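Q: Task: produce atomic coordinates for the following.
(chains A and B, ligands or ions: 4)
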Amino acid sequence: MSWLDIGPIDQIPLRGARVVKTQLGCVAIFRPAEDEVFATADRCPHKGGPLSEGIVHGRSVTCPLHNWVFSLETGQAQGADEGEIETHAVRVANGRILLDGSRLNRQVA
Amino acid sequence: MKQKLVVIGAGMASGRALEHLFEQARDTYEVTLFNAEPRGNYNRLMLSPVLSGEKTYEEIITHDDDWYAANGVTCRFGEHVVKIDRARKVVVGQNGEAPYDKLLIATGSAPFIIPVAGKDLPGVVSYRDLDDTNAMIDAAQRPGAKAVVIGGGLLGLEAAAGLKMRGMDVTVLHLMGHLMERQLDEAAGYLLRRALEDRGIKVICRASTAAILGEKRVEGVMLEDNTGLEADMVVMAVGIRPETRLAVDAHLEVERGISVDDAMLTSDPDILALGECVEHRGQLFGLVAPLYDQAKVVAQTLIGQSATFTPKEVSTKLKVTGCDLFSAGDFAEGEDREDIVYRDPARGVYKRLVLKEDRIIGAVMYGDTADGSWFYNMIKDGTDVSDMRDTLIFGPAYQGGATADPMAAVAALPDDAEICGCNGVCKGQIVTAINNGANTLEDVRAVTKASGSCGTCSGLVEQVLAATLGDDFDMPTERSVCGCTDLTHEDVRRLIKSQALKSQDAVWQELGWKTRNGCHVCRPAINYYLLADWPLDYADDPQSRFVNERRHANIQKNGTYSVVPRMWGGITTPQELRAIADAAEKYNVPTVKVTGGQRIDLLGVKREDLPSMWYDLNQAGLVSGHAYSKGLRTVKTCVGSDHCRFGTQDSTGLGIKLEKLLWGSWTPHKVKLGVSGCPRNCAEATCKDVGIICVDSGYEISVAGAAGMDLKETEPLAKVATEQEAIEVTTAYIQLYRENGKYLDRGYKFVAKVGLDWVKLQVVDDPENRKALCERFEISQSIYRKDPWAEQAQPGEAEQFRPLVDLTLEAAE
Ligand code: SRM
Ligand SMILES: Cc1cc2nc3c(=O)[nH]c(=O)nc-3n(C[C@H](O)[C@H](O)[C@H](O)COP(=O)(O)OP(=O)(O)OC[C@H]3O[C@@H](n4cnc5c(N)ncnc54)[C@H](O)[C@@H]3O)c2cc1C
Ligand code: SF4
Ligand code: FES
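A: Ligands and ions are numbered 1, 2, ... in the order given. Sure, this is the predicted structure:
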């Protein structure tokens, strides 16, 4: 793992998300609870909706375009829809968000 | 060689019999199917939703061309059978003969036509098949058309409700003292009558028709007591009689219906019969549940296996949306009988059980029929109820000291409890289907047929789904708000007010939400209810809003946004147009479009650019047009008395005043206004949520119009003399909608639910109340009448529109 410090957690609204731009497209960083973060691809596998703009509820997000719901933990689409979003390791230390950049970097290199 | 089976009549009963036959013995018979109607099998029960516009014919077809082809059925649709020649074993159709080895008569029944003068006039229809239904729909197209429905039983009332929903003026004539007297007692009949009258249907009981009047076509109905009623159409729905003519001519044994034995054989061992045309041990049939049992027996008999038809108790429901009634068994009074009655006048609930020797023999319920199937099962099983007599009427949830969990009633049902009466599907079969992977209503219907006929048990099936799957099942929104709660929108709104719940957490906790913080369905609704009811105490939560309302722009299919500045009342200036042109150029806007709402849309703006674009537009005095909001959208106006030679008042000025007053307010769904300067109505005011037409003597205010998925003309609310009054009535109406509407119900749905009369009472007839509504609106506007763009363009807020970090830059370094 290679942890990248991407900023303080309070930069993300509670039950909201922000994106991190990478060479391989945007990664969405979600904050479903005070000190809980998840990172996934920002692109919905359905028709490319920006998941970071969806409503975050429990540990799930609903895509803003056509309401597919994804588990932030597993990346799996919920209910009848079939699809998966890539998830990335992410953690919070001393109020800072650390994103695992190994996969992002490896692919960049 | 295959044997030849000829079937007369492609109705509910024969369709089911053929299904069973092909399932068990695909190759035994070569089938020829005659049908007098020029079409194959469809779900006759669902004609009422087709009539009311809730379903289309295509949706109720049960067997399509592919099905007939796959099973090798020769279809002779649109062809009457005119004769059965038993000696030669052929049936004679209008277009030729068909020989049979076995014959199945399934001709159903024919509507009974009362023998009064005028019964044959054009415009007198019965209610039996699709052609009747279409004739009624056609008649309802004429604005202001009047219908008289003769017969206040199941069919007549479904026809009346459907025609009313189509906008007709409807009167029901019923011979007896109360409606549906065969299924309901007087108390329930009264509640039903009240519910129908509330939706504007006139009901006359003890009305005996003397004659139908008219020269070339129906013009009216005359009653025995000389009351005259105008009518453009008369629907005759007084009863049915078995269609036995072919059988009589063929000298089969016929009583009131074609006589059949327990194996569904007629007096000729090569001829079977089933459905409404038969009589079995003195009994006739008028509901599908027993017919489906007959269908099973017919299939068995045809393949040479023994089977016995035993009629069962039937229960009745009325398929009129919003009239919940249930009846089963025998509920006449008698010396040896006891009644248990429960009434809740405020909710319009009535329940009555009839007991004989500690067993329930009849049940009638109105208003709350959730426990119907529990009682129905006890009637069928003859359960001894002496132990639970005291709490029996409260239903299964109260037995054994359990708490009043709405789901408990269903969870408590035994596996053999019948859920779908029409298709005889019990709870156990549904649970098995669910355990085998069916997890939606549609799946369960496909596997078990439960809820596939009249559909009134859909709610119960969903409850079985919910009880079996727990949180994995999302209850459909029209019942509870969503899977996070069992409460309805109405419940939630009421409880938020009555328990003074002022935060989302208070709602989750006090109302027992099943999820941590709701979901994308309920959270926007709860956020709206809280901010509408407690504008000063509750802070709007952007994270509970759909992206458009959080970003104050419409998201596009490619993730960019559109920007629509307000043009008050459709008026703009060269300076504003210049600012829009500049912004369009500066931010590379690919499309600039004039909207249907009299303003300009800049489409395809990148999220990061939104705050600075808004800042630029703000500099020219342009603010958010809320083109994305469940809130005030546009106020369309026409040029009015300022310029137009016909204008009676300053419609443009009034429109601008209204828009400046109302903008920024949040509402259950979007709100659009139109103000026209004269009845030529160039602002299309009569299809808006609120439309104002200026006339010489003042302002005609109408509400509840729409021109989106539903096209609906507004209904007149008030006529006032001054502009000030017009503004007040409009504001009060919008506040009434804000306080009472269900989230995502457009104004016209809200008015349909509460009734225009109630709205008038609140905002027109009661000036005090109107004032109070306007005051509460103003309190709310003290928070919300502001430009969200200006706020979001502030440096701290604008940050949120940009990425947290941009690793592409770092990688490049
Ligand atoms: C831009 C515009 C079309 C145009 O190019 O003219 C438009 C565009 C959209 N309309 Fe509309 N409607 C526009 C005028 C209308 C009108 C005409 C009018 O207002 O006079 C109607 C019919 C009148 C009515 O509302 O009764 C209309 C009926 C709808 C409906 C159906 C509403 C309904 O209750 O049935 C929707 C769907 C909804 O709101 O749920 C909708 C939804 C939409 C959305 C917001 C779809 C969405 O959710 O993303 C579209 C956004 C496009 C975008 O990205 O900007 N739009 N839409 C018009 C903007 C008007 C404005 O200035 O604000
Ligand atoms: C509007 C409406 C709502 C209803 N709602 C309910 C409900 O909620 N619950 C319920 O249980 N029941 C309901 N019913 C009753 C239910 O539809 C009937 O019980 C059922 O359709 C009877 O089935 P069947 O096969 O016997 O006759 P049908 O379905 O009537 O089929 C008989 C067919 O035979 C054809 N036919 C007749 N004579 C000939 C001939 N000589 N040659 C060729 N073809 C011929 C007819 O054209 C018809 O298509 C409703 C009925 C109507 C009309
Ligand atoms: S009609 Fe309205 S919602 Fe439909 S595509 Fe056009 S703009 Fe979009
Ligand atoms: S793009 Fe996400 S649901 Fe359609």
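Q: where does chain A dip in pLDDT?
A: Where chain A drops to pLDDT under 70, the residues are A:105-109.
Q: residue in it nearest to ligand 1?
A: A:Leu65 (9.1 Å; Cβ to the nearest ligand atom). For glycine as for every other residue, the C-beta is placed from the backbone atoms N, C-alpha and C.
Q: Quick one: check stretch B:149-164 for contact with ligand 2.
A: Yes: against ligand 2, stretch B:149-164 shows contacts by Cβ under 6 Å from any ligand atom at B:Leu155, B:Glu158.
Q: Alpha carbons of that stretch, in CSV - could you do that?
A: Taking C-alpha atoms only, stretch B:149-164 is exported to CSV below (Å, rounded to 0.1, in the frame of the first residue of the first chain):
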residue,chain,number,x,y,z
VAL,B,149,-75.5,3.8,-14.2
ILE,B,150,-78.3,1.5,-13.4
GLY,B,151,-77.2,-0.9,-10.7
GLY,B,152,-75.2,-0.2,-7.5
GLY,B,153,-73.5,-3.6,-7.3
LEU,B,154,-69.8,-4.4,-7.9
LEU,B,155,-69.9,-3.8,-11.7
GLY,B,156,-72.1,-0.7,-11.6
LEU,B,157,-69.9,1.0,-9.0
GLU,B,158,-66.7,0.1,-10.8
ALA,B,159,-68.2,1.6,-14.0
ALA,B,160,-69.3,4.7,-12.1
ALA,B,161,-66.0,5.3,-10.5
GLY,B,162,-64.2,4.8,-13.8
LEU,B,163,-66.4,7.1,-15.7
LYS,B,164,-66.1,9.7,-12.9
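Q: I'd like the average pLDDT over it.
A: Per-region confidence: stretch B:149-164 scores 94 on mean pLDDT.
Q: what packs against the longest strand seen in chain A?
A: Secondary structure of chain A read by DSSP state E shows that its longest strand is strand A:25-33. Contacts defined by 3 or more Cβ pairs under 8 Å, 6 or more residues apart in numbering or on different chains; DSSP states H and E place strand A:25-33 against strand A:16-22, strand A:36-41, strand A:55-57, strand A:96-100.
Q: What strands line up against that strand, and which way round?
A: strand A:16-22 (antiparallel), strand A:36-41 (antiparallel) (DSSP bridges).
Q: Nearest to B:Thr648, out of the ones you listed?
A: The closest of the strands paired with strand A:25-33 to B:Thr648 is strand A:16-22. By Cβ to Cβ, the value is 50.8 Å.
Q: can you tell me the residue of chain A closest to ligand 2?
A: For chain A, Cβ to the nearest ligand atom, closest residue to ligand 2: A:Ala80, 29.5 Å.
Q: cool, the stretch 101-250 of chain B as well?
A: B:Gly108 (2.5 Å).
Q: my guess is that residue meets B:Ile8, correct?
A: No: B:Gly108 is beyond contact range of B:Ile8, at 10.0 Å (criterion: Cβ atoms under 8 Å).
Q: the more surrounded of these two?
A: Each of B:Gly108 and B:Ile8 has its neighbours counted (other Cβ atoms under 10 Å in any protein chain shown); B:Ile8 has more, 31 against 24.
Q: these two touch, right, that one and B:Val81?
A: Yes: if you go by Cβ under 8 Å, B:Ile8 and B:Val81 touch, sitting 4.8 Å apart.
Q: what do those two both touch?
A: B:Phe34, B:Val91, B:Leu246 (Cβ atoms under 8 Å, 6 or more residues apart in numbering or on different chains).
Q: same for ligand 2: which of those residues are within range?
A: B:Phe34, B:Leu246.
Q: list the contacts for the residue nearest to A:Arg96 when sequence neighbours are not counted?
A: Closest residue in space to A:Arg96, ignoring its immediate chain neighbours: A:Asp5 at 5.3 Å, by Cβ to Cβ, 6 or more residues apart in numbering or on different chains. The neighbours of A:Asp5, taking Cβ under 8 Å, 6+ apart as the test, are A:Arg96, A:Ile97, A:Leu98.
Q: Most neighbours among these, please name it.
A: Counting by other Cβ under 10 Å, top hit in these: A:Ile97 with 26 neighbours.
Q: what about that residue, distance to B:Cys205?
A: 72 Å (Cβ to Cβ, to the nearest Å).
Q: which non-adjacent residue is nearest the closest residue to chain A within the stretch 601-750 of chain B?
A: Nearest to chain A in the stretch 601-750 of chain B, going by Cβ to the nearest Cβ, is B:Arg607, at a distance of 8.1 Å. Excluding the flanking residues, the one nearest B:Arg607 by Cβ to Cβ, 6+ apart is B:Phe801, at 5.5 Å.
Q: Relative to ligand 4, how far out is the residue of chain A closest to ligand 1?
A: 4 Å (Cβ to the nearest ligand atom, to the nearest Å).
Q: need the residues of chain B near chain A, please.
A: B:440, B:474, B:515-520, B:523-524, B:542-547, B:550-551, B:555, B:557-559, B:799-800, B:803-808, B:811 (Cβ under 8 Å from any Cβ of the partner chain).
Q: show me what contacts residue 8?
A: This is for chain A. Contacts of A:Pro8 (Cβ under 8 Å, 6+ apart): A:Gly95, A:Arg96, A:Ile97.
Q: ah, no, chain B please
A: Here B:Ile8 is in contact with B:Phe34, B:Val81, B:Val91, B:Leu103, B:Leu104, B:Ile105, B:Ala106, B:Thr107, B:Leu246 (Cβ under 8 Å, 6+ apart).
Q: Show me what it bridges to in the sheet.
A: B:Phe34, B:Ile105.
Q: same thing with A:Ala41?
A: A:Val27.
Q: Who are the contact partners of it?
A: A:Gly25, A:Cys26, A:Val27, A:Ala28, A:Leu51, A:Ile85, A:Glu86.
Q: Can you flag the buried ones in the residues of chain B next to chain A?
A: Applying 16 or more other Cβ atoms under 10 Å in any protein chain shown to the residues of chain B next to chain A, the neighbour count classes B:440, B:474, B:515, B:517-520, B:523-524, B:542-547, B:550-551, B:555, B:559, B:800, B:803-805, B:807-808 as buried.
Q: Return the subset of those lying in helices.
A: B:Arg523, B:Pro524, B:Val547, B:Arg550, B:Arg551, B:Leu807, B:Thr808 (DSSP state H).
Q: For B:Lys351, which residues are in contact?
A: B:Lys351 neighbours (Cβ under 8 Å, 6+ apart): B:Val341, B:Tyr342, B:Arg343, B:Ala363, B:Val364, B:Met365, B:Tyr366, B:Asp368, B:Asp371, B:Ile393.
Q: element containing it?
A: strand B:349-356 (DSSP states H and E).
Q: what sits up against whichever helix or strand comes after that strand?
A: Remark: after strand B:349-356, the chain's next helix or strand is strand B:359-366, criterion DSSP H and E. Under the criterion Cβ under 8 Å, 6+ apart, residues B:183-185, B:187-188, B:191-192, B:324-332, B:337, B:348-355, B:371-372, B:375-376, B:378-379, B:382-385, B:392 lie in contact with strand B:359-366.
Q: Just give the nearest non-adjacent residue to the residue in the stretch 651-800 of chain B positioned nearest to ligand 4, would you?
A: Taking Cβ to the nearest ligand atom as the measure, the stretch 651-800 of chain B has B:Leu744 as its residue closest to ligand 4, at 18.8 Å. Sequence neighbours aside, B:His669 is the residue nearest to B:Leu744 in space, at 5.4 Å (criterion: Cβ to Cβ, 6+ apart).
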